[in-house]
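**Student:** Requesting a structural model of the entry that follows:
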Amino acid sequence: QVQLVESGGGLVQAGASLRLSCAASGHTFSTYHMGWFRRAPGKEREFVAVISRRGVDTYYRDSVKGRFTISRDNAENTVYLQLNSLKPEDTAVYYCAATRDYTDYRLAENYDYWGQGTQVTVSS
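**Tutor:** Numbers count the residues shown, from 1 in each chain. Coordinates of the predicted model:
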C-alpha cells in the first residue's frame with residue numbers, strides 16, 4: 001500500500017511559478033514510476049508528466065514541455081513537479097500517482113495509487 005499526499009498548489013498570476021510536491025508513505029517508493037495528472041473544470045483527467053523509478057526517464061504532454069519539470073528524490077520518498085510560465089489553461093486539480101506498469105504511462109487506469117490532489121489556479 002502506498003499513500004500519496006500532494007502539496008504546493010495555489011492561486012497565481014499568469015507567468016508565475018509553482019512547485020508541487022507529492023510525499024509517499026512506505027518503503028517501496030523507488031519501485032514505482034510516478035506520474036502527474038490534472039483535471040480542469042468540466043474536462044477529463046489528463047496526463048501531465050511521468051518519471052521512471054530511478055529518475056532516468058521523463059515524459060511530458062506536449063502543452064507543458066519546456067515549462068514543467070518532473071523530478072524525484074527517492075531518499076525522501078517525494079516526487080516534484082516544477083511549473084513555470086503558468087498559463088490560465090493550466091488551471092486544474094493536480095494529482096500524483098504511482099504505477100509499476102510503464103507500458104503506457106499516459107493512461108490513468110494503469111496507475112495503482114493516487115493522491116487527493118492539489119488545486120492550481122492561474123489568473124490572467
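**Student:** Next, residue 30: secondary structure please.
**Tutor:** Of the three states, residue 30 takes helix under DSSP: H, G, I helix; E, B strand; the rest coil.
**Student:** Helices of this structure, residue ranges please.
**Tutor:** Taking DSSP state H as the criterion, the chain carries no helices.
**Student:** Tell me where it has strands.
**Tutor:** With strands called from DSSP state E, the chain shows them at 4-7, 10-13, 18-24, 33-39, 46-51, 58-60, 68-73, 78-83, 92-99, 113-114, 118-123.
**Student:** Pull up the pairing partners for the shortest one, direction included.
**Tutor:** According to DSSP bridges, strand 113-114 has the following sheet partners: strand 92-99 (antiparallel).
**Student:** In contact with the residue nearest in space to the middle of the chain, which residues?
**Tutor:** In the chain, the centroid-proximal residue (CA atoms, centre = their mean) is residue 36; its distance is 2.3 Å. Residues near residue 36 by CB atoms under 8 Å, 6 or more residues apart in numbering: 20, 22, 48, 49, 50, 70, 79, 81, 94, 95, 96, 97. Where C-beta positions appear, they are placed from N, C-alpha and C, glycine not excepted.
**Student:** Pairing partners for it in the sheet, please.
**Tutor:** Beta bridges link residue 36 to residue 49, residue 96, judged by DSSP bridges.
**Student:** next one: residue 18
**Tutor:** Under the criterion used (DSSP bridges), residue 18 bridges to residue 83.
**Student:** Give the full set of residues in contact with the spatially closest residue to residue 115 that is not a sequence neighbour.
**Tutor:** Leaving out its chain neighbours, the residue that sits closest to residue 115 by CB to CB, 6 or more residues apart in numbering is residue 4, at 3.7 Å. Residue 4 makes contacts with 22, 23, 24, 25, 96, 97, 98, 113, 114, 115, as judged by CB under 8 Å, 6+ apart.
**Student:** what's the pLDDT at the residue nearest to the centre of the chain?
**Tutor:** On the pLDDT scale, residue 36 is placed at 98.
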